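[1] fold the following, please.
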Amino acid sequence: MTTSEASRAAARLAEFEAALRSHRWFFDRCDSRRVYDEGLEERARLEAMRRALIADGLKAEADALWEKHCPTGACA
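    Residues are numbered from 1 along each chain as shown. Got it, this is the predicted structure:
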């Protein structure tokens, strides 16, 4: 991996971690339909980001970040 590629990978991982940190993990337990719908869309975006990172050879890093930020009982 070149320095440029490593820099892009680090930026993508930082973006993924920021998104994980701000995600409302227990959106599915909320009474508000709006919060639920937004949470569902956000979870789909997070999963798409994770799949893209994995496809680019960053599986260990993506999985570690997911495990770090996903509370027990929130991720199926």
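[2] so who does the most centrally placed residue in the chain touch?
    A centroid search over the chain (C-alpha atoms, centre = their mean) returns Leu46, at 3.8 Å, as the residue closest to the centre. Going by C-beta atoms under 8 Å, 6 or more residues apart in numbering, Leu46 touches Phe16, Ala19, Leu20, His23. Where C-beta positions appear, they are placed from N, C-alpha and C, glycine not excepted.
[3] how about a markdown table for the residues you listed, with distance to Ala64 and pLDDT added?
    Formatted as a markdown table, these follow (distance: C-beta to C-beta, whole Å; pLDDT from 0 to 100):
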| residue | distance to Ala64 | pLDDT |
| --- | --- | --- |
| Phe16 | 11 | 98 |
| Ala19 | 15 | 98 |
| Leu20 | 11 | 97 |
| His23 | 16 | 96 |
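[4] most neighbours, which of these?
    Among the contacts of Leu46, Phe16 has the most neighbours (other C-beta atoms under 10 Å), with 21 neighbours.
[5] Trp25 is in contact with Pro71, correct?
    Yes - with contact defined as C-beta atoms under 8 Å, Pro71 and Trp25 form a contacting pair (5.3 Å).
[6] I'd guessed Cys75 sits against Trp66; true?
    Yes - between Cys75 and Trp66 there is a contact at 7.3 Å, judged by C-beta under 8 Å.
[7] which one's more surrounded, the two?
    The neighbour comparison of Cys75 against Trp66 (other C-beta under 10 Å) goes to Trp66, with 18 against 12.
[8] report the contact partners of the closest residue to the more buried one other than its chain neighbours.
    Among residues not flanking Trp66 along the chain, Arg50 sits closest, at 6.2 Å (C-beta to C-beta, 6 or more residues apart in numbering). Shown in contact with Arg50 (C-beta under 8 Å, 6+ apart): Phe16, Ala62, Trp66.
[9] tabulate those (CSV), appending distance to Arg29 and secondary structure.
    Shown next, in CSV, are the contacts of Arg50 (distance: C-beta to C-beta, whole Å; DSSP: H, G, I helix; E, B strand; the rest coil):
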residue, distance to Arg29, secondary structure
Phe16, 24, helix
Ala62, 25, helix
Trp66, 20, helix
